[in-house]
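Engineer: Provided below are the primary sequence and the corresponding predicted coordinates.
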Amino acid sequence: MKIYTLHKKQKLPISLKEGWAFLSNPKNLKIITPDYMSFDILSGAEKPMFAGQVIQYLVTPMLGIKTKWVSEITHFKEYEYFVDIQLYGPYALWHHKHFIKEIEGGIELEDIIDYKVPMGILGRLVHPFLVKPKLEEIFSYRQQKLIETFGEFK
């Protein structure tokens, strides 16, 4: 079983409180997800984030194929981190750690995603030219939307 890792960091010129309020609100995922992915929350985002929360989405991750994605918040420490896993969706494994820390002049966000593509050897063959570039594109979009929303870190 091949597990891949995507690791991203970003600095923003905002307070820890403001950053946490935005990032820990599942409803804000739509803002930082590319429009072509048709991201819609079906259920689970009615309350503030907590460990054990299950959130259901409809999303079009690749090739125009709409799919249901169900995630669970497995770990949650206010103003520090939260972890979500995919219970059902397009990946064979999805484990996403979100860290936030205060730094001089703002905050630093860190995302570490461990994932496994489905379809065995076929999935591993298409990973370098289909899955990995798509994930890079999605997270680049996310970083750009956060800059547009909160400003660029100087």
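Structural biologist: Good, I have the coordinates.
Engineer: buried set for the longest strand along the chain?
Structural biologist: Across the chain, the longest stretch assigned as strand under DSSP state E is strand 65-77. Neighbour counts over strand 65-77 (16 or more other C-beta atoms under 10 Å) mark 69-74, 76 as buried. Using the backbone N, CA and C atoms, a C-beta is placed for each residue, glycine as well.
Engineer: my hunch is that Phe153 is in a helix, does that hold up?
Structural biologist: No. Going by DSSP: H, G, I helix; E, B strand; the rest coil, the assignment for Phe153 is coil, not a helix.
Engineer: Identify the residue nearest it in space, chain neighbours excluded?
Structural biologist: Setting aside the residues directly before and after it, Phe153 is nearest to Lys11 in space (C-beta to C-beta, 6 or more residues apart in numbering), at 3.9 Å.
Engineer: packing partners for the host helix or strand of the one you found?
Structural biologist: Using DSSP states H and E, Lys11 sits within strand 4-12. Applying 3 or more C-beta pairs under 8 Å, 6 or more residues apart in numbering; DSSP states H and E, one finds that strand 4-12 contacts strand 106-116, helix 132-150.
Engineer: winner for burial among these?
Structural biologist: Neighbour counts (mean count of other C-beta atoms under 10 Å) averaged over each of the helices and strands packed on strand 4-12 peak at strand 106-116, with a mean of 17.
Engineer: That one vs strand 4-12, what angle?
Structural biologist: Going by axes from the mean of the first three to the mean of the last three C-alpha atoms, to 10 degrees, strand 106-116 is angled at 170 degrees with respect to strand 4-12.
Engineer: Can you give the strand pairings for strand 106-116, parallel or anti for each?
Structural biologist: Applying DSSP bridges to the sheet, strand 106-116 is found paired with strand 4-12 (antiparallel), strand 93-103 (antiparallel).
Engineer: Now that we have those strands, can you turn them into JSON lines and tack on mean neighbour count and mean pLDDT?
Structural biologist: Listed next are the strands paired with strand 106-116 as JSON lines, based on neighbours: other C-beta atoms under 10 Å; pLDDT from 0 to 100:
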{"stretch": "strand 4-12", "mean neighbour count": "15", "mean pLDDT": "98"}
{"stretch": "strand 93-103", "mean neighbour count": "16", "mean pLDDT": "98"}
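Engineer: farthest residue from the center of this structure?
Structural biologist: Ile121 (25.3 Å; C-alpha atoms, centre = their mean).
Engineer: ok so, going back, in contact with the residue nearest to Phe153, which residues?
Structural biologist: 103, 105-109, 153 (C-beta atoms under 8 Å, 6 or more residues apart in numbering).
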